[in-house]
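1. pasting the sequence and the predicted model now:
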Amino acid sequence: DAGVIQSPRHEVTEMGQEVTLRCKPISGHDYLFWYRQTMMRGLELLIYFNNNVPIDDSGMPEDRFSAKMPNASFSTLKIQPSEPRDSAVYFCASSLDSFNSPLHFGNGTRLTVT
Amino acid sequence: DQQVKQNSPSLSVQEGRISILNCDYTNSMFDYFLWYKKYPAEGPTFLISISSIKDKNEDGRFTVFLNKSAKHLSLHIVPSQPGDSAVYFCAAPEGNQGGKLIFGQGTELSVKP
């Protein structure tokens, strides 16, 4: 089992550019989560999917952020246009079910917006 | 308002001794708690959990204690090893959404040989 795979590991971009982060969850996991970690706010949930359907996107900061899960093995988080305050580590995680199953996190994408 | 708080940003312990990491919460509706461990440049990994129907859960060197009346939980590591050096996060699911975790700010544990 390769675990949750995220790409790229690092992304440096200029303000105003579009950024796309990618995630491949663990096969067989029905839930996929996008978290963001910053110094100020710590780890916070942005959005999560169940069987490829977005369930709760209340953590998405604003319309510049969008997430999709076109199939069970792939998800994207897009920021357009990016701003310096979006600089953070973005984690994708998956779990077998939403209730008390531990989340399995990827190693994250460190995003720097200059 | 932080619903899950870890007031100690760092902790340093000698190898072989006990490490105690603390976590407080404000929401009395929380009924399940988890601890995650995070190494630099990696994602958090699940360590141990506890349901509110218990006051203790043990897994090898790791024990979590829950004091519901005080809204406090703690993670004990005995004996501590240098490989335990990491950031430890306390977390609780929000509402009935198990994966929607509210994380504490983390405590960085350093175990010195």
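-> Great, that's in hand. Here the structure is a predicted model, which is why all the values come from computation and not from measurement.
2. list the neighbouring strands of the worst-scoring helix or strand of chain B on mean pLDDT plus their orientation.
-> Least confident helix or strand of chain B, by mean pLDDT, DSSP states H and E, is strand B:97-103 with a mean of 82. Paired neighbours of strand B:97-103 in the sheet (DSSP bridges): strand B:86-94 (antiparallel).
3. so what touches the strand it pairs with?
-> By C-beta atoms under 8 Å, 6 or more residues apart in numbering or on different chains, the surrounding residues in contact with strand B:86-94 are A:43, A:99-100, B:3-4, B:6, B:21, B:23, B:25, B:27, B:30, B:32-39, B:44, B:47, B:73, B:75, B:99-104, B:106-109. Placement of C-beta: from N, CA and C, glycine included.
4. now, of those residues, which are buried?
-> Neighbour-count burial (16 or more other C-beta atoms under 10 Å in any protein chain shown) applied to the contacts of strand B:86-94 gives A:43, B:4, B:6, B:21, B:23, B:25, B:30, B:32-38, B:44, B:47, B:73, B:75, B:99-104, B:106-107, B:109.
5. re the thing from before, what strands line up against the next helix or strand after the least confident helix or strand of chain B, and which way round?
-> The helix or strand immediately downstream of strand B:97-103 is strand B:107-112, counting by DSSP states H and E. Applying DSSP bridges to the sheet, strand B:107-112 is found paired with strand B:10-14 (parallel), strand B:86-94 (antiparallel).
6. okay, the angle between the helix or strand harbouring residue B:64 and strand B:86-94?
-> Using DSSP H and E, residue B:64 sits within strand B:62-67. Relative orientation of strand B:62-67 versus strand B:86-94 (axes from the mean of the first three to the mean of the last three C-alpha atoms, to 10 degrees): 40 degrees.
7. which residues are in contact with strand B:62-67?
-> Applying C-beta under 8 Å, 6+ apart, the contact partners of strand B:62-67 are B:33, B:35, B:47-50, B:52, B:54-58, B:72-78.
8. in chain A, what residue comes closest to chain B?
-> Chain A approaches chain B most closely through residue A:105 (3.0 Å), counting by C-beta to the nearest C-beta.
9. OK, contacts around that residue?
-> A:4, A:35, A:91, A:92, A:93, B:43, B:44, B:45.
10. the closest residue to the last one other than its chain neighbours is in what secondary structure piece?
-> Spatial nearest neighbour of residue B:45, excluding adjacent residues (C-beta to C-beta, 6 or more residues apart in numbering or on different chains): residue B:37 at 5.5 Å. Using DSSP H and E, residue B:37 sits in strand B:32-38.
11. and the next helix or strand after that strand, what does it pack against?
-> Next helix or strand after strand B:32-38 toward the C-terminus (DSSP H and E): strand B:45-51. Counting contacts by 3 or more C-beta pairs under 8 Å, 6 or more residues apart in numbering or on different chains; DSSP states H and E, strand B:45-51 packs against strand A:104-105, strand B:32-38, strand B:56-59, strand B:62-67, strand B:72-77.
12. centre of the chain to the first one, how far?
-> The chain centre lies 11 Å from the centre of strand A:104-105; the measure is C-alpha atoms, centre = their mean, to the nearest Å.
13. so which of the strands paired with strand B:107-112 is the most packed in?
-> Greatest average neighbour count among the strands paired with strand B:107-112 goes to strand B:86-94 (a mean of 22), per mean count of other C-beta atoms under 10 Å in any protein chain shown.
14. quick check: angle from that strand to strand B:32-38?
-> Using the same axes, to 10 degrees: strand B:86-94 against strand B:32-38 is 150 degrees.
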